[in-house]
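In: Model the structure of this input:
(4 chains)
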2 protein chains.
Amino acid sequence: MKKKTRYVILGLLRDEAMTGYEIKNCIDRRMSFFWQESYGQIYPELNAMQNDGLLDAREDQQSGNRVKFRYTITEKGRQVFNDWMTEECEKDTVRSEAFLKFFLANDSNQADVIHHLEKFHQQNRERLESYEMFMKSFQGLEDMHNHKYILKMLELGIRQQHLYCDWSSDYIDELKNND
Amino acid sequence: MKKKTRYVILGLLRDEAMTGYEIKNCIDRRMSFFWQESYGQIYPELNAMQNDGLLDAREDQQSGNRVKFRYTITEKGRQVFNDWMTEECEKDTVRSEAFLKFFLANDSNQADVIHHLEKFHQQNRERLESYEMFMKSFQGLEDMHNHKYILKMLELGIRQQHLYCDWSSDYIDELKNND
DNA sequence: AGTGGCATGTAAAGAGTTACATGATTTG
DNA sequence: CAAATCATGTAACTCTTTACATGCCACT
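Out: Reported below is the predicted structural model:
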């Protein structure tokens, strides 16, 4: 898959100015079930995008010799984002080591499978809780309409987490009662 | 994520001897919702694994100067696979351009979102059908027990596809009735 | 005779992670 | 005052895809 780093950045900056660090954080906390980016992708890309005229950087001078950059999207940036929105989507890339193990297991691996299922269940419950918290943070806002699209994705994320939690806890029971 | 190519191969060869081409096909058809490998990973890895004593190659001489290799797992290969089964799982890596677009969209992208949702829905219905066919291919076999683990993953895959289909068709209706 | 699927492989390009380096600010 | 978090960046490495090259086999 071609790299999409710039579109994620552009998409987030449409709503509010952010630093590279905040962008990374936002992706990790809110989008982790379908996307990830590392600092090694984000920081060089921010500079390239500024060079291409897609972003403006507001330099927040902190005390000392360190600087902090808060980026704003330009008109050209909005254009590039909207062009990407119109393009066809490439095929997903997914790699889940847990699913791989669940699929390839046989009876000689039962104990390992149970262990991985328990870990899987716990991780998905945590993720579910964090999505539900994020969802609640929208409750009560009057401009719900502006967040319609995020809310819909969040709804899907929550339903997926429920599915994973239900499936794994049933599966654990089955394996444990089978002895 | 460290590359897992050898474990996928080992896992598949535990059940039956296969060619590199068949391995690739099997991953594409049955495991695509949580894993993918390319020929560029599989063929060099098969040679490395043979070198490491994890596989034996049976050379099917075809007429002409072309050969075809059917690989068998060795005892050492089974060991390496079982050791991997016991290890902790690394974090998933997922990238879905469609989800990214759904998440980052706003009203100015509504038409694009509907288009991508329709494509998304269609692709997921096709995938659902292929999983259901794969599932049916197990029905009637007496040794269902041997396929317990695959069946459980297939069940999850099918439920996930149902979720994606339901969610996207509801979403399309919502967006279309909102005008 | 042509198409599509079976079959193996490599080289180069591209994508992505990780470890490291640096230092400020906030919070307990 | 220590620890956590905010903050930016790069270089090296690893992983992965893609395009290309080759040729067989079955079917129409």
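
In: measure the residue most central in space within chain A to B:Ser96 for me?
Out: Nearest to the geometric centre of chain A sits A:Met31, at 1.8 Å (C-alpha atoms, centre = their mean). From A:Met31 across to B:Ser96, the span is 10 Å (C-beta to C-beta, to the nearest Å). Glycine gets a C-beta too; all of them are placed from N, C-alpha and C.

In: unless I'm mixing things up, A:Tyr7 is touching B:Leu100, no?
Out: Yes: in this structure, A:Tyr7 is within contact of B:Leu100 by C-beta atoms under 8 Å, at 7.2 Å.

In: just the angle between the helix of greatest length in chain A and helix B:148-177, please?
Out: Under DSSP state H, the helix in chain A containing the largest number of residues is helix A:148-177. Here helix A:148-177 runs at 160 degrees with respect to helix B:148-177, directions being taken by axes from the mean of the first three to the mean of the last three C-alpha atoms, to 10 degrees.

In: is any part of helix A:148-177 close to chain B?
Out: Yes: interface with chain B: helix A:148-177 contributes A:148-150, A:152-153, A:155-156, A:159-160, A:163-164, A:167, A:171 (C-beta under 8 Å from any C-beta of the partner chain).

In: Give me the three-state assignment for A:Glu90.
Out: Put simply, A:Glu90 is coil when judged by DSSP: H, G, I helix; E, B strand; the rest coil.

In: do you know how far it is from chain B?
Out: 5 Å (C-beta to the nearest C-beta, to the nearest Å).

In: ok now do that residue, which residues does it touch?
Out: The neighbourhood of A:Glu90, defined by C-beta atoms under 8 Å, 6 or more residues apart in numbering or on different chains, consists of A:1-2, B:97.

In: one more time with 6 Å, if that's ok
Out: A:Glu90 sits next to A:1, B:97 when contact means C-beta atoms under 6 Å, 6 or more residues apart in numbering or on different chains.

In: Model confidence score at it, please.
Out: A:Glu90 carries a pLDDT value of 97.

In: Mind listing the strands the worst-scoring helix or strand of chain A on mean pLDDT pairs with, and their directions?
Out: None of the helices or strands of chain A scores lower by mean pLDDT, DSSP states H and E than strand A:55-61, at a mean of 89. The pairing partners recorded for strand A:55-61 under DSSP bridges are strand A:67-73 (antiparallel).
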